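J.: what's the 3D shape of this:
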Amino acid sequence: MPDVFRRITVTPGILDGKPCIRGMRFSVAQILRMLAEGMTSKEILDEHPDLEDEDITESLLYAAQLSEEQR
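T.: The predicted structure follows:
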């Protein structure tokens, strides 16, 4: 993963090491799931005031980067 992801953290003791937003117990997967279920960025931010617009954007970029990795 490139260093461009400054808002995505992976810490073994937080959410079993899943990618999270800025060390919070809020996973990238949660954001992606909400978007996939049809929530807008504004709705997500209104419902979760600790999040910032950049968190959503970086989550999408993170998912895009993962989908391009070769296994």
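
J.: any idea how far residue 33 is from residue 22?
T.: 18 Å (C-beta to C-beta, to the nearest Å). Any C-beta I mention is one placed from the backbone N, CA and C, and that applies to glycine too.

J.: who has more neighbours, these two?
T.: Shown here are residue 22 and residue 33; by other C-beta atoms under 10 Å, residue 22 has more neighbours (15 against 11).

J.: ok, that one touching residue 59?
T.: No: look at residue 22 against residue 59 with C-beta atoms under 8 Å: they stay out of range, at 11.2 Å.

J.: residues in contact with stretch 15-35?
T.: Residues outside stretch 15-35 that contact it (C-beta atoms under 8 Å, 6 or more residues apart in numbering) are 7-11, 14, 41, 43-44, 48, 50-51, 55-56, 59-60, 62-63.

J.: what ranges do the strands span in this protein?
T.: Taking DSSP state E as the criterion, the chain carries its strands at 8-9, 20-21.

J.: just send these back as a markdown table, with mean pLDDT too.
T.: Output for the strands of the chain, formatted as a markdown table (pLDDT from 0 to 100):
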| stretch | mean pLDDT |
| --- | --- |
| strand 8-9 | 96 |
| strand 20-21 | 97 |
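
J.: most tightly surrounded among those?
T.: Mean neighbour count (mean count of other C-beta atoms under 10 Å) peaks for strand 20-21 among the strands of the chain, with a mean of 22.

J.: before we move on, back to that, show me how to select, in PyMOL, the buried members of the contacts of stretch 15-35.
T.: Only the buried entries of the contacts of stretch 15-35 go into this PyMOL selection, using 16 or more other C-beta atoms under 10 Å:
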select buried, resi 7+8+14+41+44+48+51+55+56+59+62
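
J.: chain center to the longest helix that the chain contains: distance?
T.: With secondary structure taken from DSSP state H, the chain has its longest helix at helix 53-68. Relative to its chain's centre, helix 53-68 lies at 7 Å (C-alpha atoms, centre = their mean, to the nearest Å).
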